[in-house]
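Participant: Kindly generate the corresponding structure for this input.
(2 chains)
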Amino acid sequence: MSPRARAFGEAGAFNPRLLVTGTRDLERRRKTAPGRWSLEVVGRTSAPARLTPTVVRADAPELLAEPFAVWAGGKAPEPLSSREIKGLRRFLALGGILFVDEFEPSDGSFLSGAKEQLVRVLPDASPIAIGDDNVVFRSFYMLRAAAGRVQKETKLQAIVRGGVTQVIFSPNDLMGALARDAGGVHPFEATPGGDAQREQAIRLAVNIAMYVLCSNYKDDQVHAPFLMRRRGSESP
Amino acid sequence: MSESWSFSGDLSRVWLLVALGLGGASLLLLVAEILGRPRKSVNAFFVGLTGVFALGFLLLAVLRPVRVFERSSSVGARLVVLADASRSIDLPADGAEARRAVENRALAALREHFSQVRSTQLAFGRGPPVPLEGKDVLRQPMLGSDLTRALEALAQGTDELPQALVVVSDGRLDSPTAEAIEGPLRAAMGGLSVPIHTVSLTSREPRDAAIRSVRLAGAVVAHQAARLEVEVGCTGGLACGEVRVSVKELHLGEPAVERAAGVVQVVEGRGSVPLAITLDRAGRRILEVALSAPDGDSIPENNRRFVTVDVARDRVRLLHVAGRPTYDVRSLRTWLKSDASVDVVAFFILRTRTDDVVAAQEELALIPFPVDELFTKHLQSFDAVVLQDFDAEPYGLSIHLRRLADYVRQGGGLIMVGGPNAFVSGNYAQTALAEVLPVGLRGISDKQAVDSVGFVPQLTRAGRRAPVFEPLKGLVGEHWPEMPGTNVVGDAREGSTVLLEHPRRRTESEAPMPVLALGEYGSGRSIALTVDGSHLLQFSAFASESGGRAHGAFWDAMLGWLMRDPRFEPAVVELPRGCIAGLPTTLQLRALFAEPGAEAEVTIERMGGGAKAKQVHVAFSNAEAPQPVDVGTLEAGGYTATVRLARQASSAPSRHDFACEVGGDEWADPRPDVARLAAIAKATGGLAVTPEAIRTLPLPSATRVVAERRVQPWLPAWCWTALAALAMGFHWVARRRSGFA
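Facilitator: The predicted model follows:
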């Protein structure tokens, strides 16, 4: 494939854009996580991805440029402004998918704060737990549990609207597990599972990317017998 | 001027009877009174005489009789002859002579026999009867033979009602049927109570084997087995025994494909066989049903029927194959899955050979891409195939491209959506599939295969007028979002329609490069979209203006056009009078969104060989009104009429498949039905005769028409009153003198 062709095909490439609200910015060390996420997607799957993901503000028109964004933090988010609420509402109304990640699972204040703010965006929706029966857990890898830098919960939470998982809440600091500096060193240790846990976290990130790109493709009937056999052959 | 008289000039018949009744009763009372007296005398006789006079004058005073003077003339009766003008009159009568010749002789004989009456000769078929052209029955047969409809039109018409009717026919009528004659006739004729005489054209059954009927049990749905019942009849003593029948589906530019075959056991002149057929393509399909007739068959034309079947689509079954997951794939998939009328089977390449998944195979939720199975065994089960950013080479599709091209030629749909692995980059140039696409791929090197410079696609003139863009234009007007690049393609193929073009890029011929083109290939259709940014109609700042609905409107129209949805056809073709082989055929053409003064090019191609039968240019005097298009005479077979609006900047063509038959239903049963004609005559008090016995038909009596009528009283009313009073007075005096009360 020529470089020009790659550029032409990048319009629809996976791009884990970091969503910025209020005045907070991402912690420096975790800023490498979106790029790593893209790199893992490109290296492991056929999907194209932006290796230098962008940052987008919730109240900026650019939020509507692509259907995916990552909202992450370690402290309770500042209340969303009316423009930010409007921007996020339009983003979700068009079918966008938002991934919300907690940097401090032991505290959990960002996730609970984000949920409170998202109630203002989607007053009629509330998060539910999603496990391995959700397509996110089989969109590329067969996963039994959600993983991250820590292993606080085995399930994710999600806001499902019209049968579509639109907002995914990760309580396990997925971005922390993905972060890797230029020297190839992971700034955060995955506990308690170490590298095996980090691999599961990367697989979850790949699955989320494939869910964003393929929607519920793996829910198609044509895949069902195969996936049921494979689930059946797994050890409990 | 004739003179007569009447009891009264102004009293109705009822009051006349009442008055006479009262007078008679009074007379009886008077007689009873006189006879009841013990002594009869001259006085009693005198009382009775004056009483009779008094009653008589009283009655005359009430009735006041008049003289009537009339000027009248006698007019010959009106008689209507209904001549059967259906296709069956071209069947043989006795010997080599056609029933038409016998009918013409019969009409001449009727004219001579009824020369003393006012006779009108009309032809009947389907609908109201029409006047004959000259003295013979119509040269071009009419569709059907509905006698009850013709009678209904006569009874309800504004013309003078006839005193008698004569029907000239072979008795093979659509209505009334042999099972119910009197009821339908009475209902059709209403207040017209006149005798119907019938003249049967022949009573001889031809030696013939024919397909009597082809019946479908219920609706035919694409991809689902349908039950077809073929009935065969043998007449005239032709020994049939076992007759083989076959059912073939006709395609444009392709040999007919046999769908079913069976053997009919003919017992006592008839037999039938159920056949199961499965048609994969929805829409109007033409089937050829044929039998192998035994020796001695005198009407070979009815051994073959061309049946038009409207194949319904339960759901559009679509194969969506994507070379890699992208936002464009996501948007298209989301829309396809959201449409309940689409049954989508999707296969996306999620992993290439070079990808390192860092996992064992059993840890993956991936299944092998069943390319061979899909494009051999299951391909015909799909209504359309979408190849989105898919490279044919690495996934084994290349060896199936010829089959995919054949699939489109036989009526399938194909959409190729752009991306770095589509068109030339996807290794489709110089393959069989390249011929199917509406854009050329030759002469484009791999290095030139894509253009990464962003651009805004522009609607062509055809795009601005095309019905397929109307829903999208309703949401976003003629604007498109900026596309992040395009596959490079060549000129649009001849007959293709370019709806979107590149604002700067030129093809080899210096024409603007097509971005969205629609094309016909054989019986199928194909679409080429050279960009991978249609998702920007669903998710972008541009898309938010229309709530993301523009993407659905665009793809709904694309898929609809591919599936020949009438909403997206620029022209509609109909055959109001059907098509009879060997006789002039007229199409009715209606253009949608046509520019004033638009011209259409109508091409008629015969299915099977694909020979171009006719090409006609039509100018629309009024774009809104249906335009009749004479296409001349056609032979028996299946045809495709392709309409292209010439001044619409190469608008997408519209197709209409139709069949031409020599005899159709009218020839399916060539036996004359003399018994039915006799039953019609009997039910109405008419006579059933042969052409030779026309002179035995009774002449209807003449009608007397009064031109002037004058009424004059015998005496003025006061005279009658005075005479009645005088007579009553005498009677009173006589009664007093004779001792009557």
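
Participant: which stretches of the stretch 451-600 of chain B have low pLDDT?
Facilitator: B:592-597 (pLDDT under 70).

Participant: Get me the contact residues on it for chain A.
Facilitator: B:451-452, B:483-486, B:532-533, B:535-536, B:538-541, B:543-544, B:547-548 (C-beta under 8 Å from any C-beta of the partner chain). In this view, the C-beta of every residue, glycine as well, is placed from N, C-alpha and C.

Participant: Inside strands: which ones of these?
Facilitator: With strands defined by DSSP state E, the entries of these inside them are B:451, B:486.

Participant: Buried ones from the residues of the stretch 451-600 of chain B next to chain A, can you make that a ChimeraX selection?
Facilitator: For the buried members of those, the matching ChimeraX selection, counting by 16 or more other C-beta atoms under 10 Å in any protein chain shown, is:
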select /B:451,452,483,484,485,486,532,533,535,536,538,539,540,543,544,548
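
Participant: ok, A:I128 - contacts?
Facilitator: Contacts here follow C-beta atoms under 8 Å, 6 or more residues apart in numbering or on different chains; on that basis A:I128 touches A:157-160.

Participant: cool, B:R403 as well?
Facilitator: Contact analysis of B:R403 by C-beta under 8 Å, 6+ apart lists B:375-376, B:379.

Participant: ditto for B:V345
Facilitator: Contacts of B:V345 by C-beta under 8 Å, 6+ apart are A:220, A:222, B:317-320, B:382.

Participant: where does residue 114 land on pLDDT?
Facilitator: I'll assume chain A. At A:A114, the model reports a pLDDT of 96.

Participant: switch to chain B, that's the one I care about
Facilitator: For B:F114, pLDDT reads 90.

Participant: Number of residues surrounding the closest residue to A:D219 other than its chain neighbours?
Facilitator: Nearest in space to A:D219, with sequence neighbours left out and distances taken as C-beta to C-beta, 6 or more residues apart in numbering or on different chains, is A:V135 at 4.9 Å. A count of neighbours around A:V135, defined by other C-beta atoms under 10 Å in any protein chain shown, yields 21.

Participant: Roughly how far does A:V135 sit from B:A322?
Facilitator: Distance of A:V135 to B:A322, computed by C-beta to C-beta, to the nearest Å: 17 Å.

Participant: Do me a favour and get the end-to-end distance for stretch B:538-554?
Facilitator: Stretch B:538-554 stretches 10 Å from its first residue to its last (C-alpha to C-alpha, to the nearest Å).

Participant: cool, stretch B:174-184 as well?
Facilitator: Using C-alpha to C-alpha, one end of stretch B:174-184 lies 12 Å from the other.

Participant: what does it contact?
Facilitator: Stretch B:174-184 is touched from outside by B:126, B:144-149, B:185, B:673, B:675-676, B:679-680, B:683, with contacts defined as C-beta under 8 Å, 6+ apart.

Participant: Most neighbours among these, please name it.
Facilitator: B:L147 leads the contacts of stretch B:174-184 on contacts (other C-beta under 10 Å) with 29 neighbours.

Participant: Next, the contact list for it, please.
Facilitator: B:82, B:124, B:167, B:169, B:173-176, B:680.

Participant: what would those residues look like in JSON lines with distance to B:W732 and secondary structure?
Facilitator: Output for these, formatted as JSON lines (distance: C-beta to C-beta, whole Å; DSSP: H, G, I helix; E, B strand; the rest coil):
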{"residue": "B:L82", "distance to B:W732": "70", "secondary structure": "strand"}
{"residue": "B:F124", "distance to B:W732": "73", "secondary structure": "strand"}
{"residue": "B:V167", "distance to B:W732": "70", "secondary structure": "strand"}
{"residue": "B:S169", "distance to B:W732": "75", "secondary structure": "strand"}
{"residue": "B:L173", "distance to B:W732": "75", "secondary structure": "coil"}
{"residue": "B:D174", "distance to B:W732": "77", "secondary structure": "coil"}
{"residue": "B:S175", "distance to B:W732": "73", "secondary structure": "strand"}
{"residue": "B:P176", "distance to B:W732": "70", "secondary structure": "coil"}
{"residue": "B:I680", "distance to B:W732": "68", "secondary structure": "helix"}
